[in-house]
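In: sequence unknown, structure follows:
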């Protein structure tokens with residue numbers, strides 16, 4: 001919220017009314033006010049409204065590192081420390097089968113909360129993998145060197161593909177973050193989804209526009225290639241799908257009409273804008289070659305045969321596994337679908 005004393009007083013009044021109605025009291029002494037681009041004197045004045053301390057970035061909120069910049073490797077130290085404690089406390093008493101169960105059920109699950117919201121740095125994934133390898137092959141004796149019974153890539157394969165079923169954290173991280181991207185493309189009734197559409201993409205498709213927003217959102221948006229690799233769109237409004245680059249009616253227009261694409265005035269255009277163009281020819285540069293014109297006539301016929309636009313219905317994204325609902329577990333299994341057991 002804005003650094004305004006009046007707004008803070010109204011917020012404090014709301015919290016006091018909440019205390020009266022629910023009996024739950026806010027402990028301001030355990031709270032802090034974190035200013036952004038506010039000089040120290042004013043920050044102290046605003047903090048006095050609540051009687052709390054003045055904090056600074058980075059800080060931890062609900063167990064996640066929060067800051068104005070992307071979290072560094074050192075910000076994940078609490079997560080790595082928890083994994084190390086579990087490793088040293090349990091693995092020395094277990095057999096190979098028991099250590100495999102520990103890796104799958106505990107060590108691989110500890111980063112899940114982080115991976116649902118943040119893209120883990122490669123270095124953090126490598127550190128976690130190092131500890132998982134130690135637990136599986138060495139137990140509690142870290143002095144053993146080079147003692148492995150199978151390659152790590154084979155170990156991370158699903159059991160039905162000849163592996164041990166240890167979770168691939170990088171793939172799992174993408175699978176969990178794609179849930180957030182799915183909410184955006186479906187325009188779900190969530191405040192952060194509305195904010196991103198209104199602020200960054202009021203008139204364009206996210207994956208064909210320049211990257212905008214925070215590091216958190218950029219990390220998620222960069223997964224659009226993976227998302228569009230397992231999903232296809234049935235247009236409603238047509239404002240979340242690219243006309244040329246996305247799969248529509250079983251084909252990609254940039255591949256179906258390659259000569260016509262060379263004469264497009266706006267190669268990065270949404271399906272909505274192309275469909276509503278009047279006349280359609282105004283979206284292309286003329287004169288054009290005979291091949292391009294023939295493709296234009298085919299495109300014109302295709303658009304006329306499509307269902308009329310419905311400005312009240314959002315685009316419907318469906319997945320290649322035959323479901324309208326995104327599933328991180330199905331996405332994870334799909335990444336290994338082409339592998340054959342050794």
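Out: Nice, thanks for sending it over. Since the model is a prediction, treat every value here as computed from it, not as a measurement.
In: residue contacts, the closest residue to residue 124 other than its chain neighbours?
Out: Spatial nearest neighbour of residue 124, chain neighbours left out: residue 76 (4.9 Å); criterion: C-beta to C-beta, 6 or more residues apart in numbering. For glycine as for every other residue, the C-beta is placed from the backbone atoms N, C-alpha and C. Counting by C-beta atoms under 8 Å, 6 or more residues apart in numbering, residue 76 makes contact with 65, 114, 120-121, 124.
In: helix or strand next in line after the helix or strand where residue 171 lies, which one?
Out: Residue 171 is part of helix 169-185 when elements are defined by DSSP states H and E. Note on helix 169-185: by DSSP H and E, the next helix or strand toward the C-terminus is helix 191-200.
In: hmm, who's touching that next one?
Out: Applying C-beta under 8 Å, 6+ apart, the set of residues contacting helix 191-200 is 183-184, 187, 206, 209, 212-213, 217.
In: now, of the residues you listed, which are buried?
Out: Among the contacts of helix 191-200, those classed as buried by 16 or more other C-beta atoms under 10 Å are 183-184, 187, 206, 217.
In: wait, which of the contacts of helix 191-200 is closest to residue 5?
Out: If you rank these by distance to residue 5 using C-beta to C-beta, residue 213 comes first, at 29.1 Å.
In: spatially, and excluding backbone neighbours, which residue is closest to the closest one.
Out: residue 200 (5.6 Å).
In: also residue 171?
Out: Using C-beta to C-beta, 6+ apart, the closest residue to residue 171 is residue 335 (5.3 Å).
In: isn't that neighbour up against residue 173?
Out: No - if you go by C-beta atoms under 8 Å, residue 335 and residue 173 don't touch, sitting 12.0 Å apart.
In: those two: who's more crowded?
Out: residue 173 (24 against 16; other C-beta atoms under 10 Å).
In: does the more buried one touch residue 120 like I think?
Out: Yes - the criterion here is C-beta under 8 Å, and residue 173 meets it with residue 120 at 5.5 Å.
In: which residues do those two both contact?
Out: By C-beta under 8 Å, 6+ apart, residue 173 and residue 120 have no common neighbours.
In: and the helices in the stretch 1-150 of the chain, which stretches?
Out: 5-22, 40-50, 77-90, 96-102, 112-115, 122-133 (DSSP state H, counting those that start in this stretch).
In: and the shortest one, what's buried?
Out: Looking back up the chat, that one is helix 112-115. 114-115.
In: how far away from the center of its chain is it?
Out: Taking the mean of its C-alpha atoms, helix 112-115 sits 12 Å from the chain's own mean (C-alpha atoms, centre = their mean, to the nearest Å).
In: equivalent analysis for the last one, please.
Out: Taking the mean of its C-alpha atoms, helix 122-133 sits 21 Å from the chain's own mean (C-alpha atoms, centre = their mean).
In: quick one, strands of the stretch 151-300 of the chain?
Out: With strands called from DSSP state E, counting those that start in this stretch, the stretch 151-300 of the chain shows them at 231-234, 247-248, 251-252.
In: mind putting the ones you listed into TSV with distance to residue 104, mean pLDDT and mean neighbour count?
Out: Output for the strands of the stretch 151-300 of the chain, formatted as TSV (distance: least, C-beta to C-beta, whole Å; pLDDT from 0 to 100; neighbours: other C-beta atoms under 10 Å):
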stretch	distance to residue 104	mean pLDDT	mean neighbour count
strand 231-234	28	90	18
strand 247-248	35	88	18
strand 251-252	39	90	12
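In: nearest to residue 340, out of these?
Out: Closest to residue 340 of the strands of the stretch 151-300 of the chain is strand 231-234 (C-beta to C-beta; 25.5 Å).
In: quick one: contacts of that closest one?
Out: Contacts for strand 231-234 (C-beta under 8 Å, 6+ apart): 182, 185, 240-241, 246-248, 271, 315-320, 326.
In: can you check stretch 15-28 too?
Out: Stretch 15-28 is contacted from outside by 50-52, using C-beta under 8 Å, 6+ apart.
In: residues in contact with residue 302?
Out: Applying C-beta under 8 Å, 6+ apart, the residues near residue 302 are residue 249.
In: what's the distance between it and residue 248?
Out: 9 Å (C-beta to C-beta, to the nearest Å).
In: can I assume residue 275 is in contact with residue 303?
Out: Yes - in this structure residue 275 lies within contact range of residue 303 using C-beta under 8 Å: 6.2 Å.
In: give me the more crowded residue out of those two.
Out: Taking other C-beta under 10 Å, residue 275 and residue 303 do not tie; residue 275 has more neighbours (16 against 13).
In: and the helix holding residue 171, which residues are buried?
Out: Neighbour counts using 16+ other C-beta under 10 Å place 169-178, 180-185 of helix 169-185 among the buried residues.
In: stretch 182-202 too?
Out: Applying 16+ other C-beta under 10 Å to stretch 182-202 flags 182-187, 193, 196, 200-201 as buried.
In: end to end, how far does it reach?
Out: 18 Å (C-alpha to C-alpha, to the nearest Å).
In: again, but for stretch 30-49
Out: 15 Å.
In: next one: stretch 263-277
Out: Start-to-end, stretch 263-277 (C-alpha to C-alpha) is 15 Å.
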